[in-house]
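>>> what would the 3D arrangement of this be:
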Amino acid sequence: MAAGDPPEELAGLLPRIQRLARRRLWNGLRAPRLRGAHAELLRLVVDEPGIRVSAAAHDLCLAANSVSTLVNRLVAEGLLRRETDPGDGRAALLHPTPAGVERLREWRARRDALFREHVARLDAADRAALTAALPSLRRLAESLREGEEPP
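The predicted structure is shown next:
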């Protein structure tokens, strides 16, 4: 990672922050680990119950068959329920189970507490800089999404 090269540093830091946060979140976890893509799919389904697999794949920037594999695992763990779309028998609609909603609630609470603790350790100038950077990071994500081919 080249010091002083913002795009290079950002591209290296974001995945590192994610990996470090996941490790901290997995520490002391009672239930089996909710891996990154599984957690993201569960989050999406809890936030948008009844979402189609194809729409979830698009939102998560994953191939539909990859999402189907994730769905199968979450269904087997009792965290998601899959049902046939009444408007199109070939499509599946995804719904969280009560266990899935609770698991995501716990995951979010742990994640929020972790980030609040570590952001609070930063000085006021760093906290302000992070807050100021959030709109730019959102725009960067939108820019990366523009003109994207489906996976």
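>>> note down every partner strand of the longest strand seen in the chain and its orientation.
Counting residues, the longest strand found in the chain (DSSP state E) is strand 88-96. Strand pairing for strand 88-96, determined by DSSP bridges: strand 51-52 (antiparallel), strand 80-85 (antiparallel).
>>> can these go into CSV with extra columns for mean neighbour count and distance to Ser136?
The C-beta positions use only the backbone N, C-alpha and C, and glycine is treated the same way. Below are those laid out as CSV (neighbours: other C-beta atoms under 10 Å; distance: least, C-beta to C-beta, whole Å):
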stretch, mean neighbour count, distance to Ser136
strand 51-52, 18, 28
strand 80-85, 15, 34
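>>> below-threshold pLDDT in this structure: ranges please.
Scanning the chain with the threshold set as pLDDT under 70 gives 1-3, 29, 31, 147-151.
>>> returning to what we had before: quick one: closest of the strands paired with strand 88-96 to Ala132.
Checking the strands paired with strand 88-96 against Ala132 by C-beta to C-beta gives strand 51-52 as the closest, at 32.4 Å.
>>> circling back to that earlier point, pull out the buried residues from the longest strand of the chain.
Within strand 88-96, the residues that qualify as buried are 92-94, 96, counting by 16 or more other C-beta atoms under 10 Å.
>>> before we move on, back to that, can I get the strands paired with strand 88-96 in JSON lines with distance to Gly4?
Output for these, formatted as JSON lines (distance: least, C-beta to C-beta, whole Å):
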{"stretch": "strand 51-52", "distance to Gly4": "42"}
{"stretch": "strand 80-85", "distance to Gly4": "44"}
